[in-house]
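[1] sequence-free structure coming up:
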DNA sequence: ACCTGAACACCGTTCAAGT
DNA sequence: ACCTGAACACCGTTCAAGT
């Protein structure tokens, strides 16, 4: 993704982009915000847990489709309008569900960190998601069972029935987090 | 971090590196594993919750010091020996604490996703951690209160006493996750 | 074996010049 | 106003040449 490539993609010759954008960072900011635009916004009226689940799944799908947008998060500090709008709706949803500002922050930052981190991990997996490629990966690792006995044992137990896919961990982890948040919300209401 | 720069840092002139390393990716693989080497290993005998907390805090500190190692995670699929060793010890700790392979996977992937995602978010903050810079950030955002009313209200409530720092969210989020895992462990033991 | 300089095909960005 | 080509200072990598 170079300036010259982007320009070629647009059938404009190379350096005309600089008349529409100050530099490459700004162009990437724009692209990143375009990606965040595709993440489902929470419905204002919907129950908080469903809303958070839907937005987390949507964010994972979008960021999985555009992994470069994740790298953007790291290096590009100024959030674009799409991200701010999303933030705003999430906080609105939580606040109307009775979350204090502190609890909303806890929920927001924990869920987001989980989503970003999971997508990051998923993007680095040596196999495409699904398709049972995890089994062949396990076989690779088993070769070094002497050095990593617990990994070997763990893989063996986990893959025993052949139906394991790492992708499922997303829903499980998310539910774990939402359980804990729900518990906090209950405690704060009492 | 270019090949030419790295070489200059080592007082070796530019392209001698290629006699010790096949290409830049391999060099980065090595650097990434050197970073993971610095993350505390869990003590085999220690209780699982303390172990997971210590390793999460250590990972956050190390990755915060070397943010480029995070980018490594995304693009470099083959885990180095330090990362595998760390994995092995974590699984060992959980398994000896009575975690099933499935539950250990849930715990591991959720905690790791959270840690990676949190560091990623923290690295992109427009201010240095601590130092009360978050207050000035809030002032910036407040300027667009019309467009983002919930963000504005949330920031106002959160920063009312001036003691808020985003960095504290790490411990809170981690405890939330560990609470949920502890609950699952209890349920599976019964 | 180890190092090096020149060279190649790329970058992002600037700038003077075209329409 | 918008586009463009040449140019500059960088990349990663190759390769022939040095010790």
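    Received it, and whenever you're ready, just let me know what you need. Just so you know, these numbers come straight off a predicted model, no measurement behind them.
[2] close enough to count as contact, residue A:90 and residue A:42?
    Yes: at 5.8 Å, residue A:90 and residue A:42 qualify as touching, with contact defined as CB atoms under 8 Å. C-betas here are computed from N, CA, C, even on glycine.
[3] who has more neighbours, the two?
    Under the criterion of other CB atoms under 10 Å in any protein chain shown, the comparison of residue A:90 against residue A:42 puts residue A:90 first, with 24 against 21.
[4] measure that one to DNA strand D for me?
    37 Å (CB to the nearest atom of the strand, to the nearest Å).
[5] equivalent analysis for residue A:101, please.
    44 Å.
[6] burial of the nearest residue to that residue once chain neighbours are set aside, as a residue count?
    With CB to CB, 6 or more residues apart in numbering or on different chains as the measure, residue B:157 is the residue that lies nearest to residue A:101, at 3.8 Å, once sequence neighbours are left out. Number of residues near residue B:157 (other CB under 10 Å) recorded here: 16.
[7] which bits of chain A sit near DNA strand C?
    Residues of chain A lying close to DNA strand C by CB under 7 Å from any atom of the strand are A:1, A:2, A:3, A:4, A:5, A:14, A:15, A:18, A:23, A:24, A:25.
[8] give the contact list for the second one.
    Residues touching residue A:2, when contacts are defined by CB atoms under 8 Å, 6 or more residues apart in numbering or on different chains, are absent altogether.
[9] separation between it and residue A:16?
    From residue A:2 across to residue A:16, the span is 14 Å (CB to CB, to the nearest Å).
[10] overlap in contacts of residue A:90 and residue A:42?
    In contact with both residue A:90 and residue A:42: A:51, A:52, A:55, using CB under 8 Å, 6+ apart.
[11] which residue does chain A bring closest to DNA strand D?
    Sorted by distance to DNA strand D under CB to the nearest atom of the strand, the residues of chain A start with residue A:13, at 3.2 Å.
[12] surely that residue and residue A:7 touch.
    Yes: contact criterion CB under 8 Å: residue A:13 and residue A:7 qualify, at 6.5 Å.
[13] where do the helices sit along chain A?
    Secondary structure of chain A by DSSP state H: the helices cover A:3-9, A:24-37, A:48-65, A:68-75, A:81-96, A:101-123, A:133-142, A:149-158, A:169-189.
[14] can you tell me which of those helices the model trusts least?
    Per-stretch mean pLDDT for these is lowest at helix A:133-142 (a mean of 67).
[15] give me the domain ranges for chain A.
    According to automatic domain parsing, chain A comprises the domains A:3-124+A:173-189, A:131-164.
[16] out of those, which is the most enclosed?
    domain A:3-124+A:173-189 (a mean of 18; mean count of other CB atoms under 10 Å in any protein chain shown).
[17] ok so, going back, just flag the most distant two among the residues of chain A next to DNA strand C.
    Farthest pair in the residues of chain A next to DNA strand C (CB to CB) is A:14 and A:25. Separation: 18.0 Å.
[18] how about the one residue in chain A that gets nearest to chain B: what's its closest non-neighbour residue?
    Chain A approaches chain B most closely through residue A:117 (3.0 Å), counting by CB to the nearest CB. Leaving aside its chain neighbours, residue A:117 sits nearest to residue B:117 (3.0 Å; criterion: CB to CB, 6+ apart).
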